[in-house]
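Novice: Quick one: sequence and predicted model below, then my questions.
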Amino acid sequence: MPILLFRKNRDTADDFAAAQKHFDVTESRIIRDQLVVGRFSVLPHYQEVERDLHLQGSKLINSFYEHEYISSFEWYWDVEAYTPKTWFDFRSVPSDQGPYVVKGRTNSKKFQWNKKMFAETYEDLKRVQLALYDDDLLVEQGLVFRKYVPLKTYEIGINGLPFSNEWRFFYFRDKLLSFGYYWVISENHQGEIDANGQAFAQKIASILCERTNFFVLDIAQTVAGEWILIEVNDGQMSGLSGNDPDVMYANLKKELSSV
């Protein structure tokens, strides 16, 4: 049976407790001859973790190359038609395509939305880019510059952060494990998702599953009512964001049991 290699801390304690109901869970890399889900434990040294496990006859659910496909934003080219226009070099960003958002290839400063992520104009984009150069994590990942697409928004949080109709989907290959409303910190709204949104997520998953195994899709509804892909992340390092951990882990165990 597969095993979870879990890095537990105060923020992941509830996740850890739920995982133990469905999987054998360990915090040690000494794992022999197993398929391993590296829950919050594969970074920052993914290749080293993969090598250590390989020497014991074990392997991660996502290989380093499958992880890199996600973390390096390579997924963009396979689903470009379904996600906001993105530029990977500031010099290639058109000056008349604002507003924009700026982020690292994996992480962002979304909780400093109006200072270190959102840029109304090209001049603002220059300012946000310079502000992010002080962030070693994002600079190391490489910055990406994206076209801002107005989303159906329920309320505005601190620093202008919009709480939109955004949802997180966990997939193993093309099998849906669970989904939940992304903005769980919102006290007034739980979001609304329709059959079109769920079908859209499944369509994206059917494309990406050709390149990686365990992944997360964040999709959101535009002000026009259409669904777009906001982000793709490695399922090993993704928070639950409204997903029921018992549902996610139970379904993941079911799918891995048949591998």
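Specialist: Received the coordinates, thanks. A quick note: this is a predicted structure, and the numbers were derived from the prediction, not measured. Residues are numbered from 1 along each chain as shown.
Novice: correct me, but residue 227 touches residue 192?
Specialist: No: Residue 227 is not in contact with residue 192 according to C-beta atoms under 8 Å; the separation is 11.7 Å. Bear in mind the C-beta positions are built from the backbone N, C-alpha and C, glycine included.
Novice: Settle it for me: which of the two has more neighbours?
Specialist: residue 227 (22 against 12; other C-beta atoms under 10 Å).
Novice: Now that one: phi and psi?
Specialist: phi -100, psi 140 (degrees, to the nearest 10).
Novice: If residue 37 is in a bridge, with which residues?
Specialist: residue 4 (DSSP bridges).
Novice: Can you name the residues that contact it?
Specialist: 2, 3, 4, 5, 23, 60, 61, 214, 236, 252, 256 (C-beta atoms under 8 Å, 6 or more residues apart in numbering).
Novice: Mind putting the residues you listed into TSV with neighbour count and distance to residue 120?
Specialist: Output for the contacts of residue 37, formatted as TSV (neighbours: other C-beta atoms under 10 Å; distance: C-beta to C-beta, whole Å):
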residue	neighbour count	distance to residue 120
2	17	47
3	17	48
4	25	43
5	24	43
23	20	46
60	23	41
61	24	40
214	25	37
236	25	35
252	25	41
256	18	45
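Novice: So which of those sit within helices?
Specialist: Among those, the members falling in helices (DSSP state H) are 252, 256.
Novice: so which of the contacts of residue 37 comes closest to residue 126?
Specialist: residue 236 (35.1 Å; C-beta to C-beta).
Novice: Do I have it right that the closest one meets residue 49?
Specialist: No: using C-beta under 8 Å, residue 236 is not in contact with residue 49; the gap is 10.1 Å.
Novice: Overlap in contacts, the two.
Specialist: 38, 41, 42, 60.
Novice: Can you spell out the domain ranges of this protein, please?
Specialist: The chain breaks down by automatic domain parsing into domains covering 3-62, 69-82+151-257, 86-147.
Novice: most neighbours per residue, which of those?
Specialist: Comparing the domains of the chain by mean neighbour count (mean count of other C-beta atoms under 10 Å), domain 69-82+151-257 ranks first with a mean of 18.
Novice: how long is it from one end to the other?
Specialist: 25 Å (C-alpha to C-alpha, to the nearest Å).
Novice: Kindly report the same for stretch 186-201.
Specialist: First residue to last in stretch 186-201 (C-alpha to C-alpha) measures 23 Å.
Novice: for the record, mean pLDDT for it?
Specialist: Averaged across stretch 186-201, pLDDT comes to 90.
Novice: Model confidence for residue 89, exactly?
Specialist: Residue 89 is given a pLDDT of 93.
Novice: who's in contact with it?
Specialist: Contacts of residue 89 (C-beta under 8 Å, 6+ apart): none.
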